[in-house]
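Sharing a model that was predicted from the sequence below.
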Amino acid sequence: MEEQIQQILEPLRVPHFYCDDSWYSCPKAEDGCANDGAGDDCNCGADKHNALVDDCARRLAALMDGCYGCSARVTSCTQFEVGAPCLRTPTEPKE
C-alpha cells in the first residue's frame, strides 16, 4: 500500500536547487555545487520537504490499513469508519 501512495505523491517531491552558476546550487543537486564551503548537506530545503512527503505516505498507508492508536480507518476512497481506538501496537504483525 505504501508503494502505491508513494507513487501518487511522487509529483509532490522536489529536486535539489540547481543554478546555471553552480556556485549557488545545492550541494546535493545533480551537478553539485562549485562552492566547496557549502558542505555536502542539502541547503535548499528539498530534503526536508521530501521527508514530509515520505511521512505523509507512511501516515496515509497506516490510515488505509487501520492505524496504530487512531480510531478512524478508511474503508473506501470516500468513506471513513470511526470506532474504538486500535489496540494494535506498531510492533504487532498486521492481520
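Looks like it came in fine. In this text, all values refer to a predicted model and were calculated from it rather than measured experimentally. Residues are numbered from 1 along each chain as shown.

quick one, helices of the chain?
Using DSSP state H, the helices found in the chain span residues 2-9, 46-64.

Redo those as a markdown table? Include distance to Cys26, mean pLDDT and mean neighbour count.
Bear in mind the C-beta positions are built from the backbone N, C-alpha and C, glycine included. Compiled in a markdown table, the helices of the chain are given as follows (distance: least, CB to CB, whole Å; pLDDT from 0 to 100; neighbours: other CB atoms under 10 Å):
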| stretch | distance to Cys26 | mean pLDDT | mean neighbour count |
| --- | --- | --- | --- |
| helix 2-9 | 21 | 81 | 13 |
| helix 46-64 | 7 | 87 | 15 |
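
Now render those as CSV, adding distance to Asp21.
Formatted as CSV, these follow (distance: least, CB to CB, whole Å):
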stretch, distance to Asp21
helix 2-9, 32
helix 46-64, 18
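
For Ala38, which of these is the nearest?
helix 46-64 (14.0 Å; CB to CB).

quick revisit: of the helices of the chain, which is nearest Pro27?
From the helices of the chain, taking CB to CB, the stretch that ends up closest is helix 46-64, at 10.7 Å.

In terms of secondary structure, what does that closest one contact?
helix 2-9, strand 72-74 (3 or more CB pairs under 8 Å, 6 or more residues apart in numbering; DSSP states H and E).

Now do the same contact list for Lys48.
By CB atoms under 8 Å, 6 or more residues apart in numbering, Lys48 lies in contact with Cys42.

I'd like to know which of the helices of the chain lies nearest to Glu30.
Across the helices of the chain, closest to Glu30 is helix 46-64 (CB to CB), at 11.6 Å.

Quick one: work out the angle between the closest one and helix 2-9.
130 degrees (axes from the mean of the first three to the mean of the last three CA atoms, to 10 degrees).
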